[in-house]
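# I'll drop the sequence and a predicted model, then ask my questions.
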Amino acid sequence: MVDLISQYEKIKPKVQSSINSILEKAQFINGPDVHSFKDEFGAYLSVKHVVPCANGTDALQIAMMALGLKPGDEIITPSYTYIATTEVMGLLHLKPVFVDCEKDTFNISLKAIEAAITSRTKAIVPVHLYGQSCDMEAIMKIAEKYDLKVIEDNAQAIGSDYTFSDGTVKKTGTIGDVGCTSFFPSKNLGCYGDGGAMCTNNDELAEKLTMVANHGQSKRYYHDVVGCNSRLDTIQAAVLRIKLRELDNYIDARRKAADYYDVQFSGLEGLTIPKRVENSKHVFHQYTLKLDDGIDRDALVAFLGEKDIPAMVYYPVPAHKQKMFATLETSSGSLENTDWLTTRVFSLPMHTELEKDQLEYICSAVKEFIEG
Ligand SMILES: *Cc1c(COP(=O)(O)O)cnc(C)c1O
């Protein structure tokens, strides 16, 4: 699904010299690269504060803690997402209220959000799934109307942007109260291990996020709130600084591969190419197709597998059907699109190093199966 080895080959000298100098100075924790990365990532996103942490799941958890969400508070979130988004709610004894998504964009449904709001609703967690922004202008309007916090799960959409109706363009993850992201190796901006970050334009919140991520500490050995220990390693920050300079090129490479797939598959009966909305730049963390009812997804994935083409199903079981939430009464209304999509989607290889001959090979195999 990804080719991190070929990508590494192209930046190898820079990465090795950077990591070497960290080893030689033994600056493993909070070294200068962590601080430089904070500044550089903040400048890339045009956001005031970046608070690095250990991974994307921690970022979500710390954001919910710093915003003061309390056990029993209802949080509106899509069911169609990676489990991390909703798992942290369970961990903090918040109540995830799962709502449906749109069939065409895979993103949270606005109508479903409004229908799920109660007097106990405290926050919305939109997920920019597969690399394209949710309708943030509308979501921020709903949040304002009902006085809700907005935590963007931006793990799959780093570098994507959203255009408001007045023409303002903002990067995803910088629109809500806080944006959370992951630097897991296969993400669009991935490090060589685990990493994550939170972004906010709110000075007070930035301070709280920093405090919660660091044992609730306001100054050394003075702990004001219960926090956790979640840091971005210096070595990972150094890798991220190098890869951040390539991020826009990486995004272009992904978009080019997606363009190729689109041309090959549009008009092919039996499957639907991913929709690109006008007001968001799709950064294609995944290239996800929908199969018509009647086409055997398992058989297709197995067929591709025999030809050494990895294909994955993200996600086969939506959050509201996971055993971990079995005892919670968590859903609001119908999750019809979510239930349908989880049986019909599949994703093709998507990364920065896809060559034309590889794309050709993948597309002809998919066509061979579909056309029979
Ligand atoms: C990857 C991912 C996360 C979690 O990131 P980790 O760094 O693996 O903890 C959260 N949400 C979404 C949507 C993701 O894709």
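Great, that's in hand.

# burial count for residue 254?
Residues lying near residue 254 (other Cβ atoms under 10 Å) number 23. The C-beta positions use only the backbone N, C-alpha and C, and glycine is treated the same way.

# now the closest residue to the ligand within the stretch 1-150 of the chain, nearest residue through space, not along the chain?
Going by Cβ to the nearest ligand atom, the ligand is nearest to residue 56 of the stretch 1-150 of the chain, at 2.5 Å. Sequence neighbours aside, residue 182 is the residue nearest to residue 56 in space, at 2.5 Å (criterion: Cβ to Cβ, 6 or more residues apart in numbering).

# what residues are up against the one you found?
Listed by Cβ atoms under 8 Å, 6 or more residues apart in numbering, the contact set of residue 182 reads 55-57, 59, 84, 155, 195-196.

# just the pLDDT at it, thanks.
For residue 182, the pLDDT comes out at 98.

# okay, it and residue 114: tell me how far apart.
Separation of residue 182 from residue 114 (Cβ to Cβ, to the nearest Å) stands at 29 Å.

# cool, residue 179 as well?
Taking Cβ to Cβ, one finds residue 179 at 22 Å from residue 114.

# those two: which is more packed in?
Legend: neighbour count by other Cβ under 10 Å for residue 179 and residue 114, higher for residue 179 (29 against 14).

# contacts for the lowest-mean-pLDDT helix or strand in the chain next, please.
Ranking every helix and strand in the chain by mean pLDDT, DSSP states H and E puts strand 217-219 at the bottom, with a mean of 92. Applying Cβ under 8 Å, 6+ apart, the external contacts of strand 217-219 come out as 211, 223-224, 227.

# quick one: which of those residues sit in strands?
residue 223 (DSSP state E).

# write the PyMOL selection for whichever of the contacts of strand 217-219 are buried.
In PyMOL, a selection of the buried entries from those looks like this (16 or more other Cβ atoms under 10 Å):
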select buried, resi 211+227
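
# and the contacts of strand 217-219 as CSV, adding pLDDT?
Shown next, in CSV, are the contacts of strand 217-219 (pLDDT from 0 to 100):
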residue, pLDDT
211, 98
223, 96
224, 95
227, 97
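
# closest to the ligand out of the contacts of strand 217-219?
The closest of the contacts of strand 217-219, once distances to the ligand are taken by Cβ to the nearest ligand atom, is residue 227, at 17.6 Å.

# skipping its backbone neighbours, what lies nearest the closest one in space?
Going by Cβ to Cβ, 6+ apart, residue 227 has residue 216 as its nearest residue, at 3.3 Å.

# what packs against the longest helix along the chain?
When the chain is parsed with DSSP state H, its longest helix is helix 4-25. Packing contacts for helix 4-25, counted by 3 or more Cβ pairs under 8 Å, 6 or more residues apart in numbering; DSSP states H and E, involve helix 234-244.

# what's the first helix or strand after the helix it packs on?
Per DSSP states H and E, helix 234-244 leads on to helix 247-265 as the next helix or strand towards the C-terminus.

# same for that next one, what does it pack against?
strand 287-291, helix 356-371.

# mean pLDDT, distance to residue 128 and mean neighbour count for the ones you listed - can I get that in CSV?
Output for the helices and strands packed on helix 247-265, formatted as CSV (pLDDT from 0 to 100; distance: least, Cβ to Cβ, whole Å; neighbours: other Cβ atoms under 10 Å):
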stretch, mean pLDDT, distance to residue 128, mean neighbour count
strand 287-291, 98, 13, 21
helix 356-371, 96, 25, 15
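
# TSV please, covering the ones you listed and showing distance to residue 126.
Converted to TSV, the helices and strands packed on helix 247-265 look like this (distance: least, Cβ to Cβ, whole Å):
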stretch	distance to residue 126
strand 287-291	18
helix 356-371	31
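
# these two touch, right, residue 254 and residue 352?
Yes - counting by Cβ atoms under 8 Å, residue 352 is a contact partner of residue 254 at 6.3 Å.

# out of the contacts of residue 182, which are inside helices?
56-57, 59, 84.

# next, give phi and psi for the closest residue in space to residue 293 that isn't next to it in sequence.
With Cβ to Cβ, 6+ apart as the criterion, residue 293 has its nearest non-adjacent residue at 7.4 Å, and that residue is residue 344. When read as degrees, to the nearest 10, the backbone of residue 344 gives phi -120, psi -10.

# got the contact list for residue 344?
Residue 344 neighbours (Cβ under 8 Å, 6+ apart): 290-293, 297.

# can you tell me the SS state at residue 199?
Reduced to three states with DSSP: H, G, I helix; E, B strand; the rest coil, the structure at residue 199 is strand.

# need the contact list for it.
Contacts of residue 199 by Cβ under 8 Å, 6+ apart are 41-42, 45, 47, 49-51, 173-174, 178-179, 181.

# distance of it from residue 42?
For residue 199, the distance to residue 42 - Cβ to Cβ - is 7 Å.

# overlap of the contact sets of the two?
With Cβ under 8 Å, 6+ apart, residue 199 and residue 42 have common neighbours 49-50.

# now do the closest residue to residue 265 other than its chain neighbours: how many residues are near it, please.
Residue nearest to residue 265 in three dimensions, not counting chain neighbours: residue 273, with 5.1 Å by Cβ to Cβ, 6+ apart. A total of 18 residues lie near residue 273 under the criterion other Cβ under 10 Å.

# again, but for the one 5 residues further on
Residue neighbour count, defined by other Cβ under 10 Å, stands at 5 for residue 278.

# now for it: which residues touch it?
residue 163.

# show the pLDDT at the residue of the stretch 201-350 of the chain found nearest the ligand.
Taking Cβ to the nearest ligand atom as the measure, the stretch 201-350 of the chain has residue 285 as its residue closest to the ligand, at 7.4 Å. pLDDT for residue 285: 98.

# roughly how far does it sit from residue 251?
Relative to residue 251, and taking Cβ to Cβ, residue 285 is found at 10 Å.

# just to revisit the earlier point, what about the contacts of residue 182, which one has the most neighbours?
residue 59 (33 neighbours).
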